[in-house]
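Enquirer: Please work out how this folds:
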Amino acid sequence: MWLGGATYTVFDVETTGLFPYAGDRICEIGAVRIRPDGTEKIFESLIDPQRSIAPGAFAVNGITADMLRGKPVIGEVLPDFLEFMEDSVLVAYNSGFDLGFIENALGHKSHMLADFQAIDALKLARKLFPDIGRYNLAHVAGSLGISTEGKHRALADAVMTARIFIKELEEAKKRNARIIIIGDLFDSIFPYGDKRWNPTVLIPELQQRDDAPVYATSMMAKILKPF
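Expert: Okay, the predicted model is just below:
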């Protein structure tokens, strides 16, 4: 296993729906912290979202109101989760979704996320494994020989993402590629507010740079060391 000398927190959230800024909330967090020596630590918590779960969300994750009754609310869980992921690089599958819910849950403390780098394992999968065809988490995991047992629950999905991410790191190393985390980096390329600040526009331009064959989007501005 090659981890590039970094510590990673690979995480996933299950939610009451799709839209945090329309009132949907986190109902489960699962995470795997992976140290450079490959040792792992687990974080897992069901969360009382203090609202009902949308039928569409229940159809995916199977989480019921009875399962959440009496569980801690998000404000009680987040301090422990922030401590768990301290001094690590965050990894999630379609990270914008998960980070959006974490940001919303932090409220006026959302600036705390600026202390973290983040990598989107979905974008890396599309770049590094172009022949898979479909890129939902379970399909990518299955295509790479990774167990999908327990899929659509937070810890199981975090574990799947962690296994995928390790394979991504190994594949990137084979290619002698480097992973760039896009964020404040925008400011050094385009002025803030420039229409090209949108990562979906910026990424193709970064791909033209010889030193950026592999990328991942994030809110932060750091470039990881070359492999």
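Enquirer: Run a quick check on Arg25 versus Ser52, I expect a contact.
Expert: No - using CB atoms under 8 Å, Arg25 is not in contact with Ser52, being 10.1 Å away. For every residue, glycine as well, the C-beta is placed using N, CA and C.
Enquirer: Now for those two: what residues contact both?
Expert: Residues touching both Arg25 and Ser52 by CB atoms under 8 Å, 6 or more residues apart in numbering: Thr16.
Enquirer: who's more crowded, these two?
Expert: More neighbours surround Arg25 than the other of Arg25 and Ser52, with 20 against 11 (other CB atoms under 10 Å).
Enquirer: now the strands: where do they sit in the chain?
Expert: Here the chain has its strands, by DSSP state E, at 8-15, 26-34, 40-46, 89-92, 118-120, 179-182, 214-217, 222-223.
Enquirer: Give me the residues contacting the third one.
Expert: The list of residues contacting strand 40-46 from outside it, by CB under 8 Å, 6+ apart, reads 11, 27-35, 63, 67-68, 71-72, 77, 80-81, 84, 154-155, 162.
Enquirer: Flag every buried residue along that strand.
Expert: Going by neighbour count (16 or more other CB atoms under 10 Å), the buried part of strand 40-46 is 43, 45-46.
Enquirer: Could I get the pLDDT score of Asn176?
Expert: Looking at Asn176, its pLDDT is 75.
Enquirer: so what's Val13 bridging to?
Expert: Taking DSSP bridges as the rule, Val13 bridges to Ile29.
Enquirer: Thought Glu103 was touching it, still the case?
Expert: No - counting by CB under 8 Å, Val13 sits too far from Glu103 to count as a contact (11.3 Å).
Enquirer: These two: which has the busier surroundings?
Expert: Between Val13 and Glu103, counted using other CB under 10 Å, the more crowded position is Val13 (25 against 18).
Enquirer: count of neighbours near the nearest residue to Phe11 once chain neighbours are set aside?
Expert: Distances taken as CB to CB, 6 or more residues apart in numbering place Ala31 nearest to Phe11, at 3.8 Å, with adjacent residues excluded. By the criterion of other CB under 10 Å, Ala31 has 28 neighbours.
Enquirer: Next: Glu168.
Expert: Glu168 - counted by other CB under 10 Å - has 25 other residues nearby.
Enquirer: leaving aside the residues next to it on the chain, what's closest to it?
Expert: Leaving aside its chain neighbours, Glu168 sits nearest to Leu124 (4.6 Å; criterion: CB to CB, 6+ apart).
Enquirer: Let me know the pLDDT of that neighbour.
Expert: Leu124 is assigned a predicted lDDT (pLDDT) of 90.
Enquirer: you'd agree it is up against Lys167?
Expert: No - with contact defined as CB under 8 Å, Leu124 does not count as touching Lys167 (9.7 Å).
Enquirer: center of the protein - which residue?
Expert: By CA atoms, centre = their mean, the chain has its centre lying nearest to Ala92, at 1.5 Å.
Enquirer: Select the longest helix from the protein.
Expert: Ordering each helix of the chain by length in residues (DSSP state H) puts helix 154-174 first.
Enquirer: relative to strand 26-34, how tilted is that helix?
Expert: 40 degrees (axes from the mean of the first three to the mean of the last three CA atoms, to 10 degrees).
Enquirer: Gly5 is in contact with Pro36, isn't it?
Expert: Yes - between Gly5 and Pro36 there is a contact at 5.3 Å, judged by CB under 8 Å.
Enquirer: between those two, which one's more packed in?
Expert: When Gly5 and Pro36 are compared for neighbours, Pro36 comes out ahead with 13 against 8, by other CB under 10 Å.
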